[in-house]
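# need a 3D model of the sequence below.
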Amino acid sequence: MICQVHTLAQAREVLGQGADIIVAQGSEAGGHGAARATFPLVPAVVDTVAASGSDVPVVAAGGIADGRGVAAALMLGAAGVIMGTRFHAAEESLLPRPAKMRIVKGSGDNTLRTKIFDIAAGGDWPQEYTGRVLPNRFSEEWRGREAMLVADPTELVRYAEARAANDFDTAVIHAGEGIDLIHAIEPAGEILARVVAEAETALAQRFS
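Residues are numbered from 1 along each chain as shown. A predicted model of the protein is given here:
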């Protein structure tokens, strides 16, 4: 059982529920998450797990897109990483190519955390969770007017049609702050090989 957590309280809870792997996800991540940043959260979760006497591995997530990030996560005590956005833009990803290109061309400066797309999709996420996304025409149209979006059922129909048509001026593209480090759509195997080599180089330089 792999459990993703965003707080120390959640880490303790999933330990008690028998988690086999705990993913400590910072707010830099694409998709849904909470408020804490990756760098302070990961070692705190690692320490919390260790203090419980458990040997459950902790995996870092959020804003990691190259080997330097992997090396940093390992130095923080993580057993590994999840790089969702980096592989979201891989050749093998099921994300449509136009959306992948928006990730490649995008900047972490412009990503935002919002509930706009969840509202439009009719989702029912707990209040504390927002999604980190690439902004588009739809998010700019409704930013700051979420209550009006909730009250307009016709927008749910329009949004569903846009998603079905891969209209990414309206439909959501989840993406993390690490997209500045993504420069091309590549095969997953090439991404993995390069990231591992980068991490090994970074760690070797650190301890040389």
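# and the protein, what are its domains?
2-90+187-207, 112-174 (automatic domain parsing).
# okay if I get these as JSON lines plus mean pLDDT?
Output for these, formatted as JSON lines (pLDDT from 0 to 100):
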{"stretch": "domain 2-90+187-207", "mean pLDDT": "97"}
{"stretch": "domain 112-174", "mean pLDDT": "94"}
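# nearest to Asp180, of the ones you listed?
In terms of Cβ to Cβ, the element of those nearest to Asp180 is domain 2-90+187-207, at 8.1 Å. C-betas here are computed from N, CA, C, even on glycine.
# what about the closest one, start to end distance?
Between the opening and closing residues of domain 2-90+187-207 lies a distance of 32 Å (Cα to Cα, to the nearest Å).
# next: stretch 83-91.
15 Å.
# what does stretch 61-79 give?
11 Å.
# for it, buried residues please.
61-74, 76-78 (16 or more other Cβ atoms under 10 Å).
# quick revisit: and the domains of the chain, which is most packed in?
domain 2-90+187-207 (a mean of 19; mean count of other Cβ atoms under 10 Å).
# from the middle of its chain, how far away would it be?
In terms of Cα atoms, centre = their mean, to the nearest Å, the centre of domain 2-90+187-207 is set 11 Å apart from its chain centre.
# that older thread, okay, the domains of the chain in TSV with distance to Ala99 next?
Shown next, in TSV, are these (distance: least, Cβ to Cβ, whole Å):
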stretch	distance to Ala99
domain 2-90+187-207	8
domain 112-174	5
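# looking at the ones you listed, which is nearest to Pro96?
domain 112-174 (4.9 Å).
# can you tell me the distance between the two ends of the closest one?
10 Å.
# for Ile103, which of the domains of the chain is the nearest?
Judging these by Cβ to Cβ, what sits closest to Ile103 is domain 2-90+187-207, at 4.6 Å.
# okay, now Gly176: neighbour count?
For Gly176, the neighbour count with other Cβ atoms under 10 Å is 31.
# and for it, nearest residue in space, chain neighbours not counted?
Gly30 (3.7 Å; Cβ to Cβ, 6 or more residues apart in numbering).
# give me the longest helix you can find in the protein.
The helix that spans the most residues within the chain, counting by DSSP state H, is helix 188-207.
# residue contacts, Glu198?
66-68, 70-71 (Cβ atoms under 8 Å, 6 or more residues apart in numbering).
# for Thr114, state which of these is nearest.
After measuring those against Thr114 - Cβ to Cβ - the closest member comes out as Asp66, at 25.9 Å.
# among the domains of the chain, which is nearest Leu181?
domain 2-90+187-207 (4.1 Å).
# residues in contact with stretch 78-94?
23-25, 29-31, 42, 46, 57-61, 64-66, 69-70, 73, 95, 100, 103-104, 174-176, 178-179, 181-182, 185-188, 191, 195.
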